[in-house]
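Visitor: build the 3D model from these lines:
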Amino acid sequence: MAHYRRDRFPEAARELAGAAGPVPLGPLASLAAIARQLADFGDEPPYRVAGPDCTRLELAAVDPLPAVELSVNGGAPALFLVDTGGAELIVDERLAASAGARLVAAMKAEYAGRRRARTGLGRVDSVEAGGLRVEAVPVHTLDLGPLRDFFGLDVRGIVGTRFLMHFLVTIDYRGGALILRREDSSPEPNEGISFWLAELHLILARGRLGGQPPTLFWVDTGLAASGFLAREATLRAAGVPVDWSQAREGPGGGGLATETDVLIESVTLGDGESAVTRRDVPGTVLAKPPSILGERLGFEVGGLISHAFFKAGGALTLDFSRMRLVIGSPG
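Guide: I've put the predicted structure just below:
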């Protein structure tokens, strides 16, 4: 995973092929399949970036999730959601086929509600937008029809963390833009909230639910119109009422999942002077919560912090070189 995150694909492919078993959490259902995907790059470096030092992409939508237009392999611009819950760039199966994406493997991956769906693994030659061009881009492919139906938007892809982490990223909710910077104009070393990466793309930062002890939260910006998700037992322990009589079906990468809304008195991300607290946070409970919640990663992940929490601050900046995030400013 360390080799993969550093774009050292030959080394990562060798190690993953040697392990070759299933991973019970997150999107990595088959190490052998991912090894084939990375090996297909050979010695060619992935994520080769060319273009301006700073690219500002206007958001085609802010709610229920931010969305931008990207061109894949020189094709017509298509709508992509911005979602740090995604691993690689996710491309709808039909767009991938029409754009000539090269697919070399497939697996069954887990998505919202623990729904599993066939996920293709491969690459595209280029992704372009606003003068920015990224070449040799790994992709996952998925049927995104359920998202189109639910959101009423012609969603053809998802910009995930692995793509974003090659930039200093700002999701400017207030100003309506996704800002991708190549130059090192990062926040000061001690500014913002520290985070860590687990697996390929899980952004984890310390947080607190109400008056409960601190834990780690997964920074997943793709929970539509909601700010926090946790297991029912976790919410009830924090004094949050959970009413399943108002349950409905919500969207996910593997199809619809049963969920209900909650209202959370307070959620805090960060600790000390860097901490950001929101009150009356709209939250979500899934009948089948994500597998990573709890201690299955070897440490406790107490919840998933998302869209409504960050939108309330106006902007979210992710600095993967200093491993810090900043809430607020742009606009």
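Visitor: immediately after the lengthiest helix in the chain, which helix or strand?
Guide: When the chain is parsed with DSSP state H, its longest helix is helix 9-19. Using DSSP states H and E, the helix or strand that follows helix 9-19 in sequence is helix 31-39.
Visitor: show me what contacts the spatially most central residue of the chain?
Guide: Central residue of the chain (C-alpha atoms, centre = their mean): residue 84, 1.8 Å from the mean position. Shown in contact with residue 84 (C-beta atoms under 8 Å, 6 or more residues apart in numbering): 160, 161, 164, 201, 203, 219, 220, 221, 222, 318. All C-beta atoms are positioned from the backbone trio N, CA, C, and that covers glycine.
Visitor: from what I see, residue 74 and residue 127 are in contact.
Guide: No: Residue 74 is not in contact with residue 127 according to C-beta atoms under 8 Å; the separation is 10.0 Å.
Visitor: which one of these two has more residues nearby?
Guide: For residue 74 and residue 127, the more surrounded residue by other C-beta atoms under 10 Å is residue 127, and the numbers stand at 25 against 13.
Visitor: could you count how many residues lie near the closest residue to residue 316 other than its chain neighbours?
Guide: Nearest residue to residue 316 in three dimensions, chain neighbours excluded: residue 310, at 4.3 Å (C-beta to C-beta, 6 or more residues apart in numbering). Using other C-beta under 10 Å, residue 310 has 24 other residues around it.
Visitor: may I see the buried residues of stretch 5-13?
Guide: 5, 7, 8, 9, 12, 13 (16 or more other C-beta atoms under 10 Å).
Visitor: partner strands of the helix or strand containing residue 264 and their direction?
Guide: Taking DSSP H and E as the definition, one finds residue 264 inside strand 257-269. In the sheet, strand 257-269 lines up against strand 202-209 (antiparallel), strand 248-250 (antiparallel), strand 276-286 (antiparallel) (DSSP bridges).
Visitor: who wins for proximity to residue 64 among these?
Guide: strand 248-250 (10.2 Å; C-beta to C-beta).
Visitor: ok, back up a step: let me know the pLDDT of the residue nearest to the centre of the chain.
Guide: Predicted confidence (pLDDT) for residue 84: 97.
Visitor: run the angle between the lengthiest strand in the chain and strand 257-269 for me.
Guide: Looking across the chain with DSSP state E, the single longest strand is strand 115-129. For strand 115-129 against strand 257-269, the angle by axes from the mean of the first three to the mean of the last three C-alpha atoms, to 10 degrees is 60 degrees.
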